[in-house]
Every structure is written in C-alpha cells, then in structure tokens.
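Undergrad: coords below, sequence missing:
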C-alpha cells in the first residue's frame with residue numbers, strides 16, 4: 001500500500017506541475033502505469049492506483065482550466081478518460097498473455113492512439129466550437145482550439161510519455177526479476 005500511495009502522490013504532483021510547463025503538457029505517467037499494472041501486477045487492487053491519481057489530478061486541472069481559460073471539463077469527459085484507462089487495462093491483459101518487447105511496444109502505442117482518437121472525437125462531438133463535419137473532426141484531431149497548442153502536439157507528448165514511462169516500468173520489472181533469480185518477465189508466457 002505505501003508504494004501505491006507514493007505512486008498516486010507522485011503521479012498527481014507530476015501532472016499538476018507539468019501543467020505549468022508547456023513543453024510537458026500531456027507528458028504524464030498515468031496511462032503507462034495503468035497499462036503496465038495490467039501487464040505486470042498480480043494484485044488487481046493496484047490497478048486502481050492510476051484511476052485514483054487521474055481523478056485527483058482531474059479535479060485540480062478542471063479548476064485550473066476553468067479559472068485560467070474559462071474552459072470547464074464536463075463530467076462526461078472524466079468518465080470517458082476513465083473508460084480509456086479501463087481500455088488500457090484490457091490492452092495490458094492482452095500483452096500479459098504473451099509478454100514480449102514487441103507486444104509491450106504495440107500495446108503502448110495502441111493505448112496512446114486509442115486514447116487520442118476517443119477523447120478528441122468526443123471533444124469534437126461535444127464542443128460547439130468545432131463544426132460538426134469531417135473538417136471539424138480533422139480540426140479536433142490536428143490543431144484543436146486556436147488558444148491552445150495543436151492537439152497533435154498533445155498526442156506527441158502523450159505517446160512519448162507512454163513510451164518512456166512504460167519502458168522505465170518494464171526495465172525496472174526486468175531488473176527486479178533478474179535480481180530475484182527469476183526468468184525474464186517479457187519472455188515468460190502467462191496462462192490466463
């Protein structure tokens with residue numbers, strides 16, 4: 001439990017600090033923790049850690065965007081983000097059945113792309129500032145709102161953070177397995 005609490009605090013702090021550093025916008029460990037938790041952790045209660053960090057940091061970020069940009073996140077958006085995180089658990093469970101570096105990479109990229117497509121499509125559907133046609137959807141996928149950085153920039157940061165944090169988690173788990181005298185976790189096949 002102390003590890004779970006530490007991960008929540010560090011993830012929330014990272015996400016809150018990153019909002020004040022434009023180059024780190026959407027560069028967060030939460031999706032990678034969710035995905036890797038399903039790949040590596042047997043205690044399913046620990047899968048809730050990223051959801052707790054997401055909820056706490058979303059509360060702060062909603063307040064931040066509302067006071068700074070007069071842009072409030074809707075409750076439906078929070079539910080949608082949580083659903084995307086639940087999908088990351090599904091991706092992680094698929095990778096856990098046959099852990100290889102290629103599957104880990106594919107699951108990470110797949111989760112990032114899925115999150116981007118789902119959340120930006122939802123933004124296009126629910127935001128009156130976007131025209132509700134193919135051009136408006138393309139705007140939501142590429143440049144977004146003019147007062148914010150382009151959405152492709154956010155996607156780049158999301159993808160890079162997912163790759164970096166997943167790699168860090170995987171290497172840590174591999175190192176721990178080797179130090180414990182066990183076989184590599186990424187070559188071990190798990191029967192579901």
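TA: Noted; the coordinates are in hand. Being a predicted model, the structure only gives us computed values, none of them experimental. Numbers count the residues shown, from 1 in each chain.
Undergrad: next one: the host helix or strand of residue 55 to chain centre, how far?
TA: Following DSSP states H and E, one finds residue 55 within helix 48-69. A distance of 13 Å separates the centroid of the chain from that of helix 48-69, by Cα atoms, centre = their mean, to the nearest Å.
Undergrad: Check the average confidence over it, would you?
TA: In this model, helix 48-69 carries a mean pLDDT of 76.
Undergrad: try stretch 111-119
TA: Stretch 111-119 comes out at a mean pLDDT of 96.
Undergrad: now swap in stretch 159-176 and tell me
TA: The pLDDT scores in stretch 159-176 average 88.
Undergrad: Can you give me the buried ones in the longest helix belonging to the chain?
TA: Identified as the longest helix of the chain according to DSSP state H is helix 151-179. Buried residues in helix 151-179, counted by 16 or more other Cβ atoms under 10 Å: 151, 153-155, 157-159, 161-162, 165-167, 169-170, 173-174, 177. All C-beta spots, glycine's among them, are computed from the backbone N, C-alpha and C.
Undergrad: Now the residue nearest to the spatial centre of the chain: which helix or strand?
TA: In the chain, the centroid-proximal residue (Cα atoms, centre = their mean) is residue 31; its distance is 2.3 Å. Using DSSP H and E, the element containing residue 31 is helix 30-40.
Undergrad: elements contacting that helix?
TA: helix 2-18, helix 48-69, helix 75-97, helix 101-126, helix 151-179 (3 or more Cβ pairs under 8 Å, 6 or more residues apart in numbering; DSSP states H and E).
Undergrad: Any idea how far that helix is from the middle of the chain?
TA: 9 Å.
Undergrad: tilt between it and helix 48-69?
TA: Angle between the axes of helix 30-40 and helix 48-69 is 170 degrees (criterion: axes from the mean of the first three to the mean of the last three Cα atoms, to 10 degrees).
Undergrad: tell me the angle of helix 30-40 relative to helix 151-179?
TA: 30 degrees.
Undergrad: What lies in contact with helix 30-40?
TA: 7, 11, 15, 46-47, 49-51, 53-54, 57, 84-85, 88-93, 95-96, 99, 104, 107-108, 111-112, 115, 158, 161-162, 164-166, 168-170, 173, 185 (Cβ atoms under 8 Å, 6 or more residues apart in numbering).
Undergrad: Show me what the longest helix of the chain is packed against.
TA: Helix 151-179 sits against helix 30-40, helix 101-126, helix 134-142, with contacts defined as 3+ Cβ pairs under 8 Å, 6+ apart.
Undergrad: go again using 6 Å as the cut-off
TA: Where contact means 3 or more Cβ pairs under 6 Å, 6 or more residues apart in numbering; DSSP states H and E, helix 151-179 is packed against helix 30-40, helix 101-126.
Undergrad: Fine, thanks again, bye for now.
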